[in-house]
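Trainee: Sequence first, predicted model second:
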Amino acid sequence: MTRGGVLAAAICLVGLALGAKMTATPVHARHTAPVVTDRGAQLYRVTCLSCHGPRGDGHSLYPVPGMAAPALSHLDPRRWTKARIIEVVRAGSPPMPAFGSVLSGADILRLARYVRAMERH
Ligand code: HEC
């Protein structure tokens, strides 16, 4: 075997060893993000977070000019009653889309409660 061949074989062996080490890592050790069990929080993550931001502060993950979403974490509770939050989510408020035809009334209520809880953090 040439020198280059020996070197290539050695690199392959190291690669194999590293690969074996990586696959041997338990799955749970690689997924360390907290598991969200609250349904309101889950719904928020799936339907609202992209625009209103992970903390509800309006810092979108994918900012689009002209589509800036307001912060939900500091809504004035006197102006933004739960009923009004439900209405905005149900009917939308352009450019925010309406969710009345894709979410159940119970889920919209859970979201309104979740938004309410955000105001206190
Ligand atoms: C495509 C981006 C987008 C998504 C997704 C979205 N929103 Fe919005 N949201 C907006 C924008 C933009 C406004 C401001 C609308 C306006 O100016 O009337 C808004 C306004 C609001 C308001 C009124 C607050 C205010 O100060 O005007 C509430 C409450 C709200 N959104 C909650 C939600 C909830 C809950 C979800 C998830 C079901 C959601 N939004 C999903 C973009 C979005």
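Mentor: The structure has been received and is ready for your questions.
Trainee: From here on, just use CA atoms for contacts and neighbour counts.
Mentor: Will do.
Trainee: Stretch 110-121: which residues count as buried?
Mentor: 110-116, 118 (16 or more other Cα atoms under 10 Å).
Trainee: what sits up against that stretch?
Mentor: 39-41, 43-44, 56, 72-75, 77, 82, 85-86 (Cα atoms under 8 Å, 6 or more residues apart in numbering).
Trainee: Could I get the contacting residues of A106?
Mentor: A106 neighbours (Cα under 8 Å, 6+ apart): none.
Trainee: Run a quick neighbour tally on L43.
Mentor: Neighbour count of L43, defined by other Cα atoms under 10 Å: 17.
Trainee: Roughly how far does it sit from the ligand?
Mentor: 7 Å (Cα to the nearest ligand atom, to the nearest Å).
Trainee: cool, A68 as well?
Mentor: Taken as Cα to the nearest ligand atom, the span from A68 to the ligand is 5 Å.
Trainee: so that residue, which of the three states?
Mentor: coil (DSSP: H, G, I helix; E, B strand; the rest coil).
Trainee: likewise the one 4 residues further on?
Mentor: The three-state label given to L72 by three-state DSSP is coil.
Trainee: surely A98 meets E87?
Mentor: No - using Cα atoms under 8 Å, A98 is not in contact with E87, being 9.3 Å away.
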